[in-house]
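pasting the sequence and the predicted coordinates here, then a few questions.
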Amino acid sequence: MKNVLKSILIVLISVVMVSCQKQREEGLYKTALEEIKNGNNQAAIENLEKLVENNPYSEFAPDAFFTLASLYQSMEGDSIQKMNNYLKAVEYYTELIEKFPNNEKTPEAIFMAGFICAENLKDFERAKYFYKRFLKAYPDHELASSVQTELENLGKSPEEILKEKGVELVEKSVEKTKYKTTSKGSSK
């Protein structure tokens, strides 16, 4: 009988502890969202980082990782601070990708990690890794065509892209003209 009571007591204590932990995590997450609304991103970051440090697999963790990455991505600062913020953003997107591969935010996290690597960090190999990973896992996703375009234009300057597109447009125009000329000639 004593063993049964001990077991019940242990289960009850465990349930209470888990419930308290969940409430703490929810409180940190809600507080962080309020801080963002109030324009206090640094306080939001501190709350979200506490949440993911204490329990990186919490039910709030995917949203916390994504929000942290977004906040770091948008932070201002000098060039060194910006680079560090971009690295931190990629780190948090990667945490989400690795820990929650089936989460609804994972495709966007993969895309954003690739985009930051390409556009902000100029780490084209790493960007290529993320973009290829995206296309392999989500070939029918609404972002797939954007990812494909990013991959095709990786490392190219806007001028190079416009030049290539200009050549394609000229070639298409020439083909159209040839077709129209051929069509008119054959109708006589």
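It's in.

low-confidence regions, the chain specifically.
1-23, 167-188 (pLDDT under 70).

which stretches of it form helices?
2-37, 41-54, 61-74, 79-99, 106-115, 124-137, 144-152, 158-186 (DSSP state H).

and these as TSV, adding mean neighbour count?
(Each C-beta comes from the backbone N, C-alpha and C, glycine too.) What follows is those, written out as TSV (neighbours: other C-beta atoms under 10 Å):
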stretch	mean neighbour count
helix 2-37	13
helix 41-54	18
helix 61-74	22
helix 79-99	18
helix 106-115	23
helix 124-137	17
helix 144-152	15
helix 158-186	10
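
so which residue is dead centre in this protein?
Nearest residue to the geometric centre of the chain (C-alpha atoms, centre = their mean): residue 109, 1.8 Å.

that one contacts residue 69, doesn't it?
Yes - because the distance of 7.0 Å satisfies C-beta atoms under 8 Å, residue 109 is recorded as touching residue 69.

common neighbours of these two, please.
Residues touching both residue 109 and residue 69 (C-beta atoms under 8 Å, 6 or more residues apart in numbering) are 93, 96.

what's the domain layout of the protein?
Following automatic domain parsing, one gets these domains for the chain: 2-155, 159-188.

coming back round to it: show me the contacts for the residue nearest to the centre of the chain.
Taking C-beta under 8 Å, 6+ apart as the criterion, residue 109 is in contact with 65-66, 69, 93-94, 96-97.

number of nearby residues for residue 57?
9 (other C-beta atoms under 10 Å).

can you give me phi and psi for it?
phi -110, psi 20 (degrees, to the nearest 10).

doesn't residue 103 make contact with it?
No - contact criterion C-beta under 8 Å: residue 57 and residue 103 do not qualify, at 11.5 Å.

quick check: neighbours shared by these two?
Common neighbours of residue 57 and residue 103 (C-beta under 8 Å, 6+ apart) do not exist.

about what we covered before: include distance to residue 163 when you put the contacts of residue 109 into a markdown table, please.
Supplementary listing: the contacts of residue 109 in a markdown table, determined by distance: C-beta to C-beta, whole Å:
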| residue | distance to residue 163 |
| --- | --- |
| 65 | 39 |
| 66 | 36 |
| 69 | 33 |
| 93 | 32 |
| 94 | 34 |
| 96 | 37 |
| 97 | 34 |
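
of all the residues you listed, which two lie farthest apart?
For the contacts of residue 109, the farthest-apart pair by C-beta to C-beta is 66 and 94; their separation is 11.5 Å.

what's next to stretch 146-166, contact-wise?
111, 114-115, 118, 124, 127-128, 131-132, 134-135.

again, only using 10 Å
Outside stretch 146-166, the residues that touch it by C-beta atoms under 10 Å, 6 or more residues apart in numbering are 107, 110-111, 114-115, 117-119, 122, 124-125, 127-128, 130-135, 138-139, 141, 143.
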